[in-house]
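In: Structure of the sequence below:
(2 chains)
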Amino acid sequence: RKEVEQDPGPFNVPEGATVAFNCTYSNSASQSFFWYRQDCRKEPKLLMSVYSSGNEDGRFTAQLNRASQYISLLIRDSKLSDSATYLCVVNIGTGGFKTIFGAGTRLFVKA
Amino acid sequence: DAGVTQSPTHLIKTRGQQVTLRCSPKSGHDTVSWYQQALGQGPQFIFQYYEEEERQRGNFPDRFSGHQFPNYSSELNVNALLLGDSALYLCASSLSGRVPDTQYFGPGTRLTVL
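Out: Numbers count the residues shown, from 1 in each chain, chains lettered A, B, ... in the order given. So this is what the prediction gives:
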C-alpha cells in the first residue's frame, strides 16, 4: 500500500464546476499536510497547508481528518487556469522530516 | 526576496558517469531537501540536509549523496549513473522549527542519462 494515495484522474470538468479531490495517508506519525499544484514540466507550487479545523483560500477549501487519515481539496467555480496536477503532500516527523507525495490528480477544466 | 534556485537547468550524461546538481535555498531558509521526479509520477524524497548534515533519507541507494555548505546551499551527487536516473531533480527549502514545515521548490534540473 502506498503511503499517500490519490485518485489519479483525470478529472475533466467544465468552467464553473465544483470539483473535489481526496487523499489518504497511512503513516500515523504524519505531522504536516499540504496541497501543491504542478503545471506541466514545472516545479510544484504550494497551494495551501491543511489543518484539522479546515482552511479556505478564495475558491479553495482544504480539510484534514486525522482520525480517518484523510485529506481533501475542494475547488469551487473552476477556471481554465486551474488545469494542473494537484499533489497531496505529507510530512512525517518533526525536527527532521520525510516528505511523501501522492502521485497527483490531473485536472482539466474545459471552456 | 530570492526564491529557490537550481543549476544547471538541463544536463545530459551517459551511463556510468557522475553528476553534481546545485541548489540555493530561499532567503532565510536553513533546510534543503532533494527529490527525484520521474515522468508521470509524484516527487520521491531522496534526503534532507540541515546544519550541514543529512538529517533524513528516503529509499535511495548510496550512489546518491549530498552536501550542505555553511551558507545553506546544497549539492546532490549521483555516481555510476543508470538510465533509470533520468528524471527531474527538485530541490526544496524550508525553515527548521517552523510549523507547518512548508517547503518551497526550485525549478528543477532535468537530467537525461543516455
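
In: got the residues of chain A near chain B?
Out: Taking Cβ under 8 Å from any Cβ of the partner chain as the contact definition, chain A meets chain B at A:4, A:31-34, A:41-46, A:49, A:87, A:91, A:93-104. Just so you know, the C-beta spots here come from the backbone N, C-alpha and C atoms, and that holds for glycine as well.

In: Please indicate which of the residues you listed are buried?
Out: For these, a burial check counting by 16 or more other Cβ atoms under 10 Å in any protein chain shown picks out A:4, A:32-34, A:43-44, A:49, A:87, A:91, A:93, A:97-104.

In: does residue B:84 sit in a helix, a strand or a coil?
Out: helix (DSSP: H, G, I helix; E, B strand; the rest coil).

In: Quick check: it vs residue B:111, distance?
Out: Remark: distance between residue B:84 and residue B:111 (Cβ to Cβ, to the nearest Å) = 11 Å.

In: Neighbour count for those two, which is higher?
Out: Taking other Cβ atoms under 10 Å in any protein chain shown, residue B:84 and residue B:111 do not tie; residue B:111 has more neighbours (21 against 9).

In: Enumerate the positions of stretch B:7-17 that are buried.
Out: By 16+ other Cβ under 10 Å, the buried positions in stretch B:7-17 come out as residue B:13.

In: Worst mean pLDDT across the helices and strands of chain B, which element?
Out: strand B:53-57 (a mean of 94; mean pLDDT, DSSP states H and E).

In: what about residue 90, how many neighbours?
Out: No chain in the question, so chain A it is. Neighbour count for residue A:90, taken as other Cβ under 10 Å: 25.

In: hmm, I had chain B in mind actually
Out: Here the number of neighbours of residue B:90 (other Cβ under 10 Å) works out to 27.

In: Kind regards, and thank you for your time.
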